[in-house]
Each structure stands twice: as structure tokens, then as C-alpha cells.
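1. coords please:
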Amino acid sequence: MSTLVLKFGGTSVASTELIKSAAKIVKKEYDNGHNIAVVVSAMAGTTNNLINYVNDFHSSKSDSGEFNAEYDVVVSSGEQVTSGLMSLALNEIGVPAISWLGWQLPIITNGPHRNANIRKIIPDKINECFKEKKVSVLAGFQGLSSESRITTIGRGGSDNTAVFLASSLKADRCDIYTDVDGVYTTDPNIDENAKKISKMSYEEMLEMASTGSKVLHTRSVELAMKNNLTLQVLSSLTKETGTFIVDEKE
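-> Residues are numbered from 1 along each chain as shown. Sure thing, here's the model as predicted:
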């Protein structure tokens, strides 16, 4: 049985109605017989609001380790909300699901608060869910430090969570659902002649990311390339096939 990791970005889960629509995408893959793990971002705009709350408490200690540790506790809470709502949406439509926070698996990180790196994910609980035919919904962007403190992962955090999880599960593919239906030759919002690319190599995607493309962060692509993990970038709002990012030989 194949394993898929489906990641939904903030614009794909920006409201309860969009979360219910995303859940239908998960159900379709689940009904096709796949083992499914889902990674979610916070609802669009939520993280910025949480950061604004934290910024109301700026002081002379705002750059201290204590401040940054509590910053991570607050700012990571957006993904907790979305993971719970997605699990509720799935169970409502007949897909048995359970939500997990980063510390529950756990997702072990190193590096500083506010910009931690994933060191390893222990997927035992998710594998147990597969045996029970349950979908796991994981809060992205967050992990656990060696001091047992909540951490947030740097730029592209939820994408990195999804790709790292897919690698840990030895998944067949990681689908990144966003507000665009794939990778284009240029920005389609600027150039009406932009064409969607059906398949591209990791190296090509890395080059695009390094020159300003915001579709995927370089860390996510590098990790996928290291583990020869197929990525697909696609939209949760359309039924179109997206762009596959694969090994050069493919």
C-alpha cells in the first residue's frame, strides 16, 4: 500500500469551508487505498496576528532566549487549531483521523528558537495509525528542542515538516497544496504568456528558488533531492494535475 503525505498551506485552510474542501481531497486519496498523513499550516493571516500579539510585549529582553522561547509557544499555536479542525472535518465525512502536535510524535529540532531545524521525526505513532486505517493530521512549523521546549521552524517551516515527514515515512510522494496550480516558467500574475511546467528536476527547482521563486523553499527541495522523494505542487482549489519535481533521470 502506497503512502502519501499531503500538505495544505495557509490559503488552502483559510476558513472552515476551505478546510472542509481540503478534507474532501484527503478523502479521495484515502478511498483510493493510500496510507495518508496530512500536514497543515495555520489559517492564512493567523501567524501574523499571533506575532503582533507577541510584539505587544517587547522590552529590553525581547532578544533573550526566554522571550524567543515564549514567542515560539504563541506563534506555533495557529497550526494546532488547523490540525484539530482538519481532523474534525475528516471524521465528519467518514475518514477516521487524529491530530498530532510536533511534541507528541515527537519532531526533534536543533538550532535557535524562531529558526530551528528539524533533526529527526519519530513516525511510530503515525505508522500505528496506518495499521488502524487512520489518517494522521500533523501541525506543521513546530517541533521540540532538546530542552523539551516548543520550537518553530524557519522559513518554509510547514513545507519542511511535510517533506521531512514523507522522508521519514518513506512515502511514495509528497503533495504540496497551495494557491497556485503548479510551477510556471514566469510569474503568471505578471506575464500572461507564462506556461505551467508539468515536470522538472530538483536542480531546476533549486535554481528557481534561489532566484526568487516562492513556490518552495530551498530546504524542502534539498531534502526531497537527498531522499529521492517525488514532490507535486498543485492547487487545492482546482482538480488539475500540478508540477512534479523529480530526479533528473525521470
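
2. what about Ser77, neighbour count?
-> By the measure other C-beta atoms under 10 Å, the count of residues near Ser77 is 17. Yep, even glycine has a C-beta here, placed from its N, CA and C like the rest.

3. actually, Cys129.
-> For Cys129, using other C-beta under 10 Å, the count is 21.

4. Gln80 too?
-> For Gln80, the count of nearby residues is 16 (other C-beta under 10 Å).

5. how about the contacts made by Ser213?
-> Neighbour list for Ser213: Val183 [criterion: C-beta atoms under 8 Å, 6 or more residues apart in numbering].

6. helix, strand or coil: sort out it for me.
-> Three-state secondary structure (criterion: DSSP: H, G, I helix; E, B strand; the rest coil) places Ser213 in coil.

7. what sits closest to Lys20 if chain neighbours are left out?
-> Using C-beta to C-beta, 6 or more residues apart in numbering and skipping the chain neighbours, the partner closest in space to Lys20 is Ala89 (5.0 Å).

8. over to that neighbour: give its phi and psi.
-> Ala89 has phi and psi values of phi -60, psi -40 when expressed as degrees, to the nearest 10.

9. in contact with it, which residues?
-> 16, 19-20, 22-23.

10. how close does it get to Ala209?
-> 31 Å (C-beta to C-beta, to the nearest Å).

11. and what of Glu222?
-> Distance, Glu222 to Ala209, by C-beta to C-beta: 9 Å.

12. ditto for Ser236
-> 21 Å.

13. what's the answer for Ile245, then?
-> For Ile245, the distance to Ala209 - C-beta to C-beta - is 11 Å.

14. what's the closest of the contacts of Ala89 to Gln80?
-> Among those, Ile19 lies closest to Gln80 (C-beta to C-beta), at 13.8 Å.

15. and that closest one, that's in a helix?
-> Yes - the assignment for Ile19 is a helix, going by three-state DSSP.

16. and it, how many neighbours?
-> 20.

17. list the contacts of it.
-> By C-beta under 8 Å, 6+ apart, the contact set of Ile19 is 13, 82, 85-86, 89.
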